[in-house]
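1. show me how the following folds:
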Amino acid sequence: MTRLLLINPNISDSVSELIGAEARRTAAPGTTVEVLTAPFGVAYIETRFEALIGAYAAAQLAAEHHARFDAVIVAAFGDPGLPALREALPCPVTGLTEAALASACLLGHRFSIVAISQRIRAWYRETVHGYGLEGRLASIRGLDEPLADIGTVQGDQGERLVALAERCVAEDGADVIVLAGAPLAGLARTLRGRLPVPCVDGVSSAVRHAETLVALQPGAARAGSFAPPPVKPHRGLPPAIARLLDRKP
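-> The predicted structure follows:
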């Protein structure tokens with residue numbers, strides 16, 4: 001049995017419900033899924049500073065709960081805190097962006113990202129660059145109006161999202177569409193056949209990639225840039241994070 005922990009770094013319970021539903025729908029038989037929602041932060045992440053807050057919330061939840069799981073997924077597009085968690089946790093860690101881009105690269109050469117806002121595009125572009133894939137990015141297009149409810153964006157904005165995806169193909173030369181963000185979990189599956197190119201989302205991709213990493217049993221890093229942080233004095237940290245830094249169970 002594979003046990004996956006999905007951490008929503010945002011405070012939106014409705015988005016966590018979307019994440020959990022799509023993760024369980026996607027998971028292989030024998031995989032169990034648990035979704036935890038950030039105890040503090042913002043409704044959804046659009047900016048670098050909000051990502052910083054989300055990364056700390058994800059770190060706190062991961063430190064408290066990772067021992068019960070075989071892999072951890074950062075369940076927000078942009079993967080706040082992912083590289084740092086990969087340093088600190090003894091189990092595989094992936095995120096919605098990393099997994100979705102990996103899937104896209106197996107399906108075509110150039111991909112476009114369809115996002116839920118305009119402001120979010122700069123952070124997403126930096127995330128793609130951080131993964132070394134900017135040369136394969138055709139475009140990032142986003143909705144240009146305020147969201148009434150982050151949990152109902154698929155129903156409220158579904159046709160606008162489809163129109164943006166179609167423009168990515170027709171005008172930007174995208175071979176694959178990546179639907180960005182946990183609020184769009186499951187939309188790629190419902191749009192299958194409507195778009196002229198493959199379409200992927202982060203939750204389903206992350207679940208399947210995490211299952212693969214667990215099955216491969218690649219071992220944990222003891223050297224290199226993802227070796228655990230060195231033990232050193234610290235002050236004022238939550239107990240679970242302190243234990244993780246001290247490498248104590």
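
2. quick one, domains of the protein?
-> Domain segmentation of the chain under automatic domain parsing yields 2-96+205-245, 98-201.

3. how far does the shortest one stretch from start to finish?
-> The distance separating the two terminal residues of domain 98-201, taken as Cα to Cα, to the nearest Å, comes to 11 Å.

4. run the chain-centre distance for it.
-> Centroid separation between domain 98-201 and its chain, computed with Cα atoms, centre = their mean, to the nearest Å, is 13 Å.

5. so can I have TSV of the domains of the chain showing mean pLDDT and mean neighbour count?
-> For the C-beta atoms, the positions are set from N, CA and C on the backbone; glycine is no exception. Output for the domains of the chain, formatted as TSV (pLDDT from 0 to 100; neighbours: other Cβ atoms under 10 Å):
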stretch	mean pLDDT	mean neighbour count
domain 2-96+205-245	96	19
domain 98-201	92	19
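
6. so Trp123 makes contact with Leu52?
-> No. When contacts are counted by Cβ atoms under 8 Å, Trp123 is not listed as touching Leu52 (10.7 Å).

7. for this structure, which segments count as helices?
-> For the chain, helices defined by DSSP state H occupy the ranges 13-26, 48-65, 82-88, 96-105, 121-130, 153-172, 187-190, 202-216, 239-245.

8. can you lay out the ones you listed as a markdown table showing distance to Ile73?
-> Formatted as a markdown table, those follow (distance: least, Cβ to Cβ, whole Å):
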| stretch | distance to Ile73 |
| --- | --- |
| helix 13-26 | 8 |
| helix 48-65 | 10 |
| helix 82-88 | 9 |
| helix 96-105 | 8 |
| helix 121-130 | 16 |
| helix 153-172 | 20 |
| helix 187-190 | 17 |
| helix 202-216 | 5 |
| helix 239-245 | 18 |
